[in-house]
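Trainee: starting from these lines, generate the structure:
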Amino acid sequence: MKKNLQHRGIPRGWQRVRLGEISDIKNGKTNTQDAVANGEYPLFDRSVAIKRSDKYLFDKAAVILPGEGAEFVPRYYSGKFDLHQRSYAIFPSNLVDAWFLCQYLYANRGVFSKNAVGSTVKSLRLPIIQAVDMLLPPLPEQKKIAEILGAVDDDIEKTDAVIQATEKLKRGLMQELLTRGIGHTKFKKTKLGEIPEEWQEMKLGKIATIVRGGSPRPIESFVTDANDGLNWLRIGDIEPGAKYITHTSQKIKKIGLNKTVLVRRGDFILSNSMSFGRPYIMNTDACVHDGWLAFKDIDSNLVNTEFLYYLLSSQTLQDGFAAIAVGSGVKNLKKESVSNISVALPLVGEQRKIAEILSSVDKGIRANKDFRNKLLQLKKGLMLDLLSGKVRV
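Mentor: Okay, the predicted model is just below:
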């Protein structure tokens, strides 16, 4: 690669064109209800999931663009396909590589959202798409750029496949380890099903004191000085996919907290409405919002902290939480109902071993997700350089 000298904002050898000048753009004819479960051909609409159809409208390489929605993410396809009436197929001329065009439109997809019309559901009209302004390098350079970006895409796709396979492995391990344990040969029948003889049934209320969070009174208790208050944990403070709670975005004064619930490092919190029963381990002291149930005073002689996290995260417990939630609109968990849920507990030593196995799988998942994020950042930088002509290939 080499640095490029630019002339009037256009890289040498490139040209500024409108999308309608270098492509033929067609909309589909098919409705969503025309989709069939095992159709021979892909049917593209605005959704990420690809539907199937028994017929095809087009048979060539194209960039598929949804015509309505919140985001307008293009995708490349080559071959026979069907198309929804509110989606578009962009067929580039022989001067344009279709895969390059897809990469370019993906990098600049914000222009579609900016120019889409409609107050509720945003939609694209054909003239809007045709008027999109773009920089077009010579065809050989297009192909080279598409090859480089495609190679990163391949690595991202492979990493996604590894993540999905590892997550599937984890689900299977959790089901096996949390019901059959490690190396057991003798089992007994219980209300929870067949469990190892050494295990015992126990209600969650015997493992910990379960209480509902509260709100600070008076509301003027909020402070901005980190040294002059306690952490105040709301629902919105949780990062997606987090396991531990390490910080909060607000503080409250240490006085006038008669309606709050204080949780300590090592306690658990459980969402009682949004994302039923999603558990988090406290890695800091905090007062918690009434959208949380708190597991306090956990008996370490009965349960290992890491094991309890996986137990509460299990599909069995998640289904159990959903089953006992009440409410006509937004459903909530009652602390009394959660306290009465029975679980099967191994001895603490075996709990620790089970948690170690599942934690090692989680580390692999996190490592691959971190690698995927690095690949995404790499592609972002490459798109910025290659699709602008800043760096030539």
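
Trainee: for the residue nearest the centre of the chain, which three-state class applies?
Mentor: Nearest to the mean C-alpha position of the chain, counting by Cα atoms, centre = their mean, stands P240 at 7.5 Å. Look at P240: counting by DSSP: H, G, I helix; E, B strand; the rest coil, its state is coil.

Trainee: and the pLDDT for it?
Mentor: On the pLDDT scale, P240 is placed at 72.

Trainee: that one and H289: what is the separation?
Mentor: Plainly put, P240 is 18 Å away from H289 if you go by Cβ to Cβ, to the nearest Å. For every residue, glycine as well, the C-beta is placed using N, CA and C.

Trainee: for the stretch 251-393 of the chain, give me the ranges with low pLDDT.
Mentor: Along the stretch 251-393 of the chain, the parts satisfying pLDDT under 70 run over 254-260, 274-277.

Trainee: ok, and what's touching stretch 194-201?
Mentor: Stretch 194-201 is touched from outside by 179-181, 184, 186-188, 190-192, 342-347, 350, with contacts defined as Cβ atoms under 8 Å, 6 or more residues apart in numbering.

Trainee: now that stretch: buried residues?
Mentor: For stretch 194-201, a neighbour-count test (16 or more other Cβ atoms under 10 Å) marks I195, P196, W199 as buried.

Trainee: beta partners for the second one?
Mentor: P196 forms beta bridges with F187, as assigned by DSSP bridges.

Trainee: pLDDT (mean, whole number) over the host helix or strand of D160?
Mentor: Here D160 sits within helix 139-180, counting by DSSP states H and E. Average pLDDT, helix 139-180: 97.

Trainee: show me what it is packed against.
Mentor: For helix 139-180, the contact count by 3 or more Cβ pairs under 8 Å, 6 or more residues apart in numbering; DSSP states H and E identifies helix 98-107, strand 193-196, helix 305-313, helix 315-324, helix 348-386 as packing neighbours.

Trainee: now for these, which one comes closest to Q175?
Mentor: Closest approach to Q175 among the helices and strands packed on helix 139-180 is made by helix 315-324 (7.2 Å; Cβ to Cβ).

Trainee: distance from the closest one to the middle of the chain?
Mentor: A distance of 21 Å separates the centroid of the chain from that of helix 315-324, by Cα atoms, centre = their mean, to the nearest Å.

Trainee: and it, C-alpha only, in CSV?
Mentor: Output of helix 315-324 as CSV, limited to C-alpha atoms (Å, rounded to 0.1, in the frame of the first residue of the first chain):
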residue,chain,number,x,y,z
GLN,A,315,-32.4,-22.3,31.6
THR,A,316,-34.3,-24.2,34.3
LEU,A,317,-34.2,-21.3,36.7
GLN,A,318,-34.9,-18.7,33.9
ASP,A,319,-38.0,-20.7,32.9
GLY,A,320,-38.9,-20.9,36.6
PHE,A,321,-38.7,-17.2,37.1
ALA,A,322,-40.8,-16.5,34.0
ALA,A,323,-43.4,-19.0,35.2
ILE,A,324,-43.9,-17.2,38.6
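
Trainee: quick one: list the elements packing against that helix.
Mentor: Secondary-structure packing of helix 315-324 (3+ Cβ pairs under 8 Å, 6+ apart): helix 139-180, helix 335-339.

Trainee: among these, which is nearest T316?
Mentor: Closest among the helices and strands packed on helix 315-324, once you apply Cβ to Cβ, is helix 139-180, at 7.4 Å.

Trainee: got the angle for that closest one vs helix 348-386?
Mentor: 170 degrees (axes from the mean of the first three to the mean of the last three Cα atoms, to 10 degrees).

Trainee: now do the contacts for W292.
Mentor: Residues in contact with W292, defined by Cβ under 8 Å, 6+ apart, are R212, G213, L233, I235, I269, L270, S271, N272.

Trainee: got it, and G9?
Mentor: If you count contacts by Cβ under 8 Å, 6+ apart, G9 has none.

Trainee: that one and L135, how far apart?
Mentor: Distance from G9 to L135, by Cβ to Cβ: 9 Å.

Trainee: over to S388?
Mentor: From S388 across to L135, the span is 7 Å (Cβ to Cβ).

Trainee: now do the shared contacts for those two.
Mentor: Jointly contacting S388 and L135 under the rule Cβ under 8 Å, 6+ apart are P11.

Trainee: returning to what we had before: quick one: which of the contacts of W292 is most hemmed in?
Mentor: Within the contacts of W292, L233 tops the neighbour count with 28 neighbours, counted by other Cβ atoms under 10 Å.

Trainee: assess the claim that it and V288 are in contact.
Mentor: Yes: L233 lies in contact with V288 (Cβ atoms under 8 Å); the separation is 4.7 Å.

Trainee: common neighbours of those two, please.
Mentor: Common neighbours of L233 and V288 (Cβ under 8 Å, 6+ apart) are G213, V263, I269.
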